[in-house]
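# How does the following fold in three dimensions:
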Amino acid sequence: MWQDLGMKNTHTKQNVRDEFFAPVASALQRSEFSYKCPKYTDRLYLESGVGRSIKNVISGREWIQHVLMKLGIKITVSNSFAVFKSSRRLNFLSGIAKDVRTQADKLISQGGDPLSQYSELSGFAIYASDGHTHKASAHEQEIYGKKRPVTHIYSLNLRMQTLIPLVLAEPGANRKKEHELTALKRIGVQALRMGEKTGTKVIHVYDPAIVDYTQWYKWKKGSGVYILTLEKSNSALITVGINDWDRDDTRNIGVICDELVGPSNGHIMRRVTYQDPLTGKTFRFITNELTIPPGLIAFLYKLRWNVEKTFDEIKNKFFERKAWGNSNGAKIQQANFIALAYNLMRILETKLKRDEGIIDHAVAAKRKKRLKKEKEETIVAGRRANALVLAWHRSSQRSLQFIRWLRYCIENSTSWGPAIKLLRPLMAEYLH
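As a prediction, the model looks like this:
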């Protein structure tokens, strides 16, 4: 049941809506692209886009009708389409989203980085990156006789669990879609550094679509960007050396081999062979990072699943399943709004834990039960559980009960005190 963490409010909060959008208000004061537009102000544009991201609506017209009737906000269909074509609004939104993400990282880092306990990861920024696909918009132009889905590549900061829109995959005149690796090459290595400080090494944990060993070498040599992925089944890598590892370190449970490998005429990389203690399935991880313990390499790839869970949350809890428009500007704005809404939610839940002692006990109990079951199954199979997996206690999703509460409180500008009373029992257990 409910457990008070013993924390107190650090300042007086008026209502949930104002508190949720407070980071946006702060970012607005610093924006270099803000502009006075009386018909559709920048603040209204931001709040409308975030609201649409987390509200279950089927179309843009449904959202416009909702805000007119429920919130009294005067947005028109023409205004909505006009901003999708505005480069100023896009630059403005991108800056606000980046500012809010920085605020989130700073707040969450004050005790919310579970990877900080591993000294071997000091100096590394770690991201799970992948493409997420929406259905085409109603107005999408056909390519080779068919409306093609929209793919945007996102990166999830595995330390802070904040979301960053990285690049839109853009179909060309002679192709149905752009390969994710092509899109990453197009934006350049500085974008892949994610704005991290000079001297920080950046790891992108990606699925095997990222495989291009020569490109990895260029990213690493020039800018300290590293890749971790699964080896492809048709890989022709040759073993050129064997690394030793600490077999007494329980974090390395499951590691079978740690090798130096490479193609017949290419660059040296590392292959970690790992047997999952739970399923007994064997994985071979490939990376151009040579120093991190092999058990941690396997664990970081396991954490890549967090970005998939984030995409599931966007699809099945935010109900973002379709592109908002057919222009690249509309698609990029949508990705930025999704990330902005996600990071605002991360800030709010961090404040709720810090100031009100509220954590999602229902989700935590479910995760604890699952880990216990997996440990028992591992023992029955005659294997030892990995210490890294057993020690991981962070949820990768917010519960739908929390998101419903947030929608209600934003729409009704619910005062902070009554809103907290509504939330506490929802976070104690699932509704029956």
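
# got any ranges where the stretch 101-250 of the chain has weak pLDDT?
173-174 (pLDDT under 70).

# Could I get the full set of strands for it?
Here the stretch 101-250 of the chain has its strands, by DSSP state E, counting those that start in this stretch, at 124-134, 142-143, 146-147, 150-157, 163-168, 201-205, 225-230, 238-242.

# Adjacent strands (with direction) for the longest one?
So that's strand 124-134. strand 150-157 (antiparallel), strand 201-205 (parallel) (DSSP bridges).

# Show the contacting residues for residue 130.
Contact analysis of residue 130 by C-beta atoms under 8 Å, 6 or more residues apart in numbering lists 153, 154, 180, 206, 207, 304, 307, 308, 311. All C-beta spots, glycine's among them, are computed from the backbone N, C-alpha and C.

# Now which of these would you call buried?
153, 154, 180, 206, 207, 304, 307, 311 (16 or more other C-beta atoms under 10 Å).

# Residue 122: which of the strands paired with strand 124-134 is closest?
strand 201-205 (10.0 Å; C-beta to C-beta).

# Distance to residue 142 added to the strands paired with strand 124-134, as TSV?
As requested, the strands paired with strand 124-134 are arranged in TSV below (distance: least, C-beta to C-beta, whole Å):
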stretch	distance to residue 142
strand 150-157	14
strand 201-205	33
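
# Longest helix in this structure, please.
Identified as the longest helix of the chain according to DSSP state H is helix 328-356.

# What residues sit buried inside that one?
Quick answer for helix 328-356 (16+ other C-beta under 10 Å): 329-356.

# Whichever helix or strand comes after it packs against which elements?
For helix 328-356, the succeeding helix or strand toward the C-terminus, using DSSP states H and E, is helix 361-380. Contact analysis of helix 361-380 by 3 or more C-beta pairs under 8 Å, 6 or more residues apart in numbering; DSSP states H and E lists helix 387-391, helix 416-428 as its packing neighbours.

# weakest of those in terms of mean pLDDT?
Sorting the helices and strands packed on helix 361-380 by mean pLDDT places helix 387-391 lowest, at a mean of 89.

# between the helix or strand following that one and helix 328-356, how big is the angle?
Next helix or strand after helix 387-391 toward the C-terminus (DSSP H and E): helix 400-412. Between helix 400-412 and helix 328-356, the angle comes out at 100 degrees (axes from the mean of the first three to the mean of the last three C-alpha atoms, to 10 degrees).

# any residues touching stretch 190-197, and which ones?
Applying C-beta under 8 Å, 6+ apart, the external contacts of stretch 190-197 come out as 98, 125, 127, 155, 157, 164, 166-167, 184, 202, 204, 219, 223-225.
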